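Q: kindly return the folded structure for what I paste below:
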Amino acid sequence: MKIKPLTEEQLIISIDRLTRFKDTETKYLRVFKDIITNNLIEPKYKKSELDELDYETIKNYAECIINSSLEKSTGNYLINQRLYDYENSVFKLDANTQKLLKNKINYEAAIKLLSNDIADNLKWLKTLNDTSPQNNSYGFPVKKILLCEGITEETLLPEFARLCGYNFKEHGIYIISAGGKNQVVKYFYNFADSLKIPVFILLDNDAEENLREIKPRMREIDKIHLLKSGEFEDLLPDSLITKTLNYATQNISLAPIENLSQSSSKVAFLEEFFKHRGLHEFKKSEFAELVKENISSPEDVSDEIKEIIKELSADNKKEASASL
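A: Next up is the predicted model:
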């Protein structure tokens, strides 16, 4: 076998891709096949030919190329075992995918290439060679999925939770904004089939039909919260919205903010506010970032948001015992 060694940058990119929160089979096959295609000189395989190889062969080729690009292994495979245990604790894996995970990649040497300014999954990877009890300060491993409709929830819920004494990173909460209620259903169906960890679903009030689609597929570990009214922006206290709008328009001479409390839809109010005050178009993502900058006290957290966080944080002890 003749190979072209991976560069240090390629090694770091490959290790990063292997340890992200992604479907195990998909990420391992993509990384291993890319390495074989680009760095295995002899025998040479076309991409289409790799699809005909069994998983054990693919793993062996990729493992050999990676390890040949690193310093010699000391035979310490603690990281490999912990990665194997973690992937199996989170995903439902078939026998073929198990073969990809049962590798002897020299992670001990690979983590020596990692700096401090790296993604959370790589910071977590560096801790796996430590025999002391593992903490979860980097947001890994993922222990629960928070599946919501939009970017506002993704941006603001971690901040609201922090004020309520619940740290998303420490508890391994992984937020996914699906991009709409119909997409939430598609995401959840996939998760229910592929994941072992809980999924907490947050839906706007107009998603009752989607709720009915989801419920038959829910497992005992999953939970769902349908907003009592409106959408997530409607849960923001009037005082927080007013504070945010004053902050956003502090250098512009504007009339006082009126009729916010009488509005049935805060999104509609904000769209009109931005339109008639001569500001740029109202965008939820940009407004959420402004709100985030202005969250400062427990009074900024509404009762229903507190309720959502309480539901999300339930059963932590039970979940922790089932994960790494």
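Q: only C-alpha atoms from now on, for both contacts and neighbour counts.
A: Fine.
Q: next one: stretch 52-72 to chain centre, how far?
A: In terms of CA atoms, centre = their mean, to the nearest Å, the centre of stretch 52-72 is found 28 Å from the chain centre.
Q: convert it to CSV, retaining C-alpha atoms only.
A: Extracted in CSV, the C-alpha atoms of stretch 52-72 (Å, rounded to 0.1, in the frame of the first residue of the first chain):
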residue,chain,number,x,y,z
GLU,A,52,-18.5,-1.5,-3.4
LEU,A,53,-16.0,-1.9,-0.5
ASP,A,54,-17.2,-3.4,2.8
TYR,A,55,-17.1,-1.2,5.9
GLU,A,56,-14.2,-3.1,7.5
THR,A,57,-12.0,-2.5,4.5
ILE,A,58,-12.9,1.2,4.3
LYS,A,59,-12.1,1.5,8.0
ASN,A,60,-8.7,-0.3,7.7
TYR,A,61,-7.6,1.9,4.8
ALA,A,62,-8.5,5.2,6.5
GLU,A,63,-7.1,4.1,9.9
CYS,A,64,-3.8,3.2,8.3
ILE,A,65,-3.6,6.5,6.4
ILE,A,66,-4.4,8.6,9.5
ASN,A,67,-2.0,6.7,11.8
SER,A,68,0.8,6.8,9.2
SER,A,69,0.4,10.6,9.2
LEU,A,70,0.9,10.8,13.0
GLU,A,71,3.6,9.9,15.5
LYS,A,72,3.7,6.2,16.6
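Q: tell me the buried residues in it?
A: Buried residues in stretch 52-72, counting neighbours by 16 or more other CA atoms under 10 Å, are found at 55-56, 58-70.
Q: contact partners for T97?
A: Contacts for T97 (CA atoms under 8 Å, 6 or more residues apart in numbering) come out as 24-25, 55.
Q: tell me where the stretch 1-150 of the chain has strands.
A: Counting by DSSP state E, counting those that start in this stretch, the stretch 1-150 of the chain has these strands, from start to end: 2-3, 40-42, 144-148.
Q: pick the most buried one from the ones you listed.
A: Between the strands of the stretch 1-150 of the chain, strand 144-148 has the highest mean count of neighbours, a mean of 23, where neighbours are mean count of other CA atoms under 10 Å.
Q: show me what it is packed up against.
A: strand 173-177, helix 181-194, strand 199-203 (3 or more CA pairs under 8 Å, 6 or more residues apart in numbering; DSSP states H and E).
Q: any chance of those in a markdown table, plus mean neighbour count and mean pLDDT?
A: Shown next, in a markdown table, are the helices and strands packed on strand 144-148 (neighbours: other CA atoms under 10 Å; pLDDT from 0 to 100):
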| stretch | mean neighbour count | mean pLDDT |
| --- | --- | --- |
| strand 173-177 | 20 | 95 |
| helix 181-194 | 16 | 97 |
| strand 199-203 | 23 | 98 |
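Q: could I get the ones you listed as JSON lines with distance to D303?
A: Below are those laid out as JSON lines (distance: least, CA to CA, whole Å):
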{"stretch": "strand 173-177", "distance to D303": "21"}
{"stretch": "helix 181-194", "distance to D303": "23"}
{"stretch": "strand 199-203", "distance to D303": "16"}
